[in-house]
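Engineer: Give me a model of this one.
(chains A and B)
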2 protein chains.
Amino acid sequence: MSQALSEYLKQCLTDDRLQRFNDVVKFRTRHLTVVLENVYHEHNASAVLRTCDCLGIQDVHVIESLNSFAPNPEVALGASKWLTVHNYRSEPDSSDRPPSNISVDCIRHLKENGFRVLSTSPRQDSLPLSQVPFDQKTAIVFGAEQIGVSDEAISESDDLIHIPMFGFTESFNVSVSAAVILQHLATLLHASDIDWQLTDTEHGELTERWVRQSLGSKLEPLIRRFNDEQISR
Amino acid sequence: MSQALSEYLKQCLTDDRLQRFNDVVKFRTRHLTVVLENVYHEHNASAVLRTCDCLGIQDVHVIESLNSFAPNPEVALGASKWLTVHNYRSEPDSSDRPPSNISVDCIRHLKENGFRVLSTSPRQDSLPLSQVPFDQKTAIVFGAEQIGVSDEAISESDDLIHIPMFGFTESFNVSVSAAVILQHLATLLHASDIDWQLTDTEHGELTERWVRQSLGSKLEPLIRRFNDEQISR
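Structural biologist: Prediction:
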């Protein structure tokens, strides 16, 4: 998209709106990312997206090899439209490919891109949250309700982590678990000297996407009007 | 209840079960407590109870002046049966008493019992989580979905607190908010030199309640059998 069109579209939003984009984009990070493996309860899916938006975590990787992911709009409060959601799902014609390989593909892709991948697991050998290493780009994998992260995803992970628990209930709800872990890591990140913010190019691209997102159904007519004005000049 | 009956009932549970009670009761605290003011979504109510159990927070104060509190058993995983839930609700015949006074009563009761009461609020003058004072017994008030903590409860509170947020969505889901705040405070508590554990008497009473709870429908026949054995001796 041309710089001129981009500026034209920005002028269609209020200054307050653009200021908000600037304020929010400064806290966006790709240093910390989230993988949701077959989380299916709409309330949980939505709450995790909302948490990611609140904490500035831009990328969410959604694996749908067993269950489909259907956030509840009332709980998500539109959070997903400000995030970058990466989908990993079975192709209908690939019945020869076991579903679990989709998780393996996702995790390998993240590792190739420099992420340390940590899966949440109550296993004895998993690290408590306070000992989670954090000197590298980090992806946290959360598993489906009841069954947790798949064995295949656990095998591919660099480490396992858990939140220490002291009660009769031996697991947190997945949306709660995600919030506790991500809030802890985001607080560490903000206090660290890690270069966790987006690059200037990423700022520009993301703001442009948000501008288009905000214009909604007005976007297409505005682009047509812009093109007409260009031709008639 | 007599010591003899208490010992008799304990013998009806497995050693593993009793050991679990001992392990869990050591981490129970009344130093930190939770107030839920009109939280009505069953998924949220249940998730907060589960979080309290997981973190060892024994007492939950439930205000039902506007909405009734109905935890979802599937999400709560039975957590409420291990907690001490204090109910504050309107009496059907007290229509002359405004509902908001129920929250005031609850908060005043906690303050009289030595608690600093902190209400969660996005207001500008509220303290960020990292600055929450913690040198005194502390009660955290969470409000109803959408509307938040009532003005009356806010006026009665010692301070307001919030979780810093950096996204477009300006509030966390209530179950997420509770988990983040309570996990942060429970971690501080465990690391502090505060005497946060229950007293020996409280240990004994709570364990006895859990024993009875665990026996379920077997409890009454066991008590009858114990009494018959006493008489026939």
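Engineer: got a list of what residue A:4 touches?
Structural biologist: Going by C-beta atoms under 8 Å, 6 or more residues apart in numbering or on different chains, residue A:4 touches A:226, A:230. Just so you know, the C-beta spots here come from the backbone N, C-alpha and C atoms, and that holds for glycine as well.
Engineer: Can you pull the phi/psi pair for it?
Structural biologist: Reported as degrees, to the nearest 10, the phi and psi values for residue A:4 are phi -60, psi -40.
Engineer: Give the rounded mean pLDDT of stretch A:121-134.
Structural biologist: Summarised as a single mean, pLDDT over stretch A:121-134 is 91.
Engineer: That stretch: which residues count as buried?
Structural biologist: A:121, A:126, A:129, A:132, A:134 (16 or more other C-beta atoms under 10 Å in any protein chain shown).
Engineer: Mind putting those into a markdown table with secondary structure?
Structural biologist: As requested, these are exported to a markdown table (DSSP: H, G, I helix; E, B strand; the rest coil):
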| residue | secondary structure |
| --- | --- |
| A:121 | coil |
| A:126 | coil |
| A:129 | helix |
| A:132 | coil |
| A:134 | coil |
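Engineer: Out of those, flag the one nearest to chain B.
Structural biologist: Lowest distance from chain B to the buried residues of stretch A:121-134 (C-beta to the nearest C-beta) belongs to residue A:129, with 8.6 Å.
Engineer: Find me the pLDDT at the residue nearest to the closest one when sequence neighbours are not counted, would you?
Structural biologist: With C-beta to C-beta, 6 or more residues apart in numbering or on different chains as the criterion, residue A:129 has its nearest non-adjacent residue at 5.2 Å, and that residue is residue A:163. Per-residue confidence for residue A:163 comes out at a pLDDT of 94.
Engineer: Quick check: residue A:163 vs residue A:169, distance?
Structural biologist: Using C-beta to C-beta, to the nearest Å, we find residue A:163 at a distance of 12 Å from residue A:169.
Engineer: shared neighbours, these two?
Structural biologist: Residues touching both residue A:163 and residue A:169 comprise residue B:54, with contact defined as C-beta under 8 Å, 6+ apart.
Engineer: Point out where chain A drops to low pLDDT.
Structural biologist: Low-confidence segments of chain A, defined by pLDDT under 70, are located at A:1, A:67-77, A:91-100.
Engineer: tell me the centre residue of it?
Structural biologist: The structure's chain A has its C-alpha centroid closest to residue A:60; by C-alpha atoms, centre = their mean the separation is 2.0 Å.
Engineer: CA atoms only: put the helix or strand hosting that one into PDB for me.
Structural biologist: In the assignment (DSSP states H and E), residue A:60 maps to strand A:59-64. Output for strand A:59-64, consisting of C-alpha atoms alone and laid out as PDB, is shown next (Å, rounded to 0.1, in the frame of the first residue of the first chain):
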ATOM      1  CA  ASP A  59       1.200 -12.800  18.400                       C
ATOM      2  CA  VAL A  60      -1.000 -15.700  19.300                       C
ATOM      3  CA  HIS A  61      -0.500 -19.100  17.700                       C
ATOM      4  CA  VAL A  62      -3.600 -21.200  17.600                       C
ATOM      5  CA  ILE A  63      -3.400 -24.900  17.000                       C
ATOM      6  CA  GLU A  64      -6.700 -26.600  16.000                       C
END
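Engineer: tally of neighbours for residue A:181?
Structural biologist: Counted with other C-beta atoms under 10 Å in any protein chain shown, the neighbours of residue A:181 add up to 24.
Engineer: I'd like the next helix or strand past the helix or strand that it is a member of.
Structural biologist: Assignment of secondary structure by DSSP H and E places residue A:181 within helix A:174-191. Helices and strands here follow DSSP H and E; after helix A:174-191, the next one along the chain is helix A:200-215.
Engineer: Which stretches in chain A count as helices?
Structural biologist: Secondary structure of chain A, counting by DSSP state H: helices at A:3-10, A:15-25, A:42-55, A:73-76, A:100-112, A:151-156, A:174-191, A:200-215, A:219-232.
Engineer: Tell me which of the ones you listed sits most buried.
Structural biologist: Ranked by average neighbour count under the criterion mean count of other C-beta atoms under 10 Å in any protein chain shown, those are headed by helix A:42-55 at a mean of 27.
Engineer: got the residues of chain A near chain B?
Structural biologist: Residues of chain A found near chain B, taking C-beta under 8 Å from any C-beta of the partner chain as the criterion, are A:20, A:24, A:27, A:43, A:47, A:50-56, A:75, A:77-79, A:82, A:130, A:163, A:165-169, A:171-173, A:175-176, A:179-180, A:183-184, A:187.
Engineer: repeat that for 7 Å
Structural biologist: Taking C-beta under 7 Å from any C-beta of the partner chain as the test, the list of chain A residues beside chain B reads A:24, A:27, A:43, A:47, A:50-51, A:53-56, A:75, A:77, A:79, A:82, A:165-169, A:172-173, A:175-176, A:179-180, A:183.
Engineer: next one: stretch A:15-23 to chain centre, how far?
Structural biologist: Here the centre of stretch A:15-23 is set off from its chain's centre by 21 Å, with C-alpha atoms, centre = their mean, to the nearest Å.
Engineer: Pull the number of nearby residues for residue A:61.
Structural biologist: Neighbourhood size, residue A:61 [other C-beta under 10 Å]: 22.
Engineer: meant to ask about residue A:141, not that
Structural biologist: 29.
Engineer: residues contacting it?
Structural biologist: Taking C-beta atoms under 7 Å, 6 or more residues apart in numbering or on different chains as the criterion, residue A:141 is in contact with A:35, A:37, A:117, A:118, A:119, A:120, A:149, A:153, A:157.
Engineer: Out of the residues you listed, flag the one nearest to chain B.
Structural biologist: Lowest distance from chain B to the contacts of residue A:141 (C-beta to the nearest C-beta) belongs to residue A:120, with 13.9 Å.
Engineer: Surely the closest one is in contact with residue A:177?
Structural biologist: Yes - applying C-beta atoms under 7 Å, one finds residue A:120 in contact with residue A:177, separated by 6.2 Å.
Engineer: Which neighbours do those two have in common?
Structural biologist: With C-beta under 7 Å, 6+ apart, residue A:120 and residue A:177 have common neighbours residue A:142.
Engineer: do you know which of the helices of chain A lies nearest residue B:140?
Structural biologist: With C-beta to C-beta as the measure, helix A:174-191 is the member of the helices of chain A nearest residue B:140 (15.1 Å).
Engineer: now the closest one and helix A:42-55, what's the angle there?
Structural biologist: For helix A:174-191 against helix A:42-55, the angle by axes from the mean of the first three to the mean of the last three C-alpha atoms, to 10 degrees is 10 degrees.
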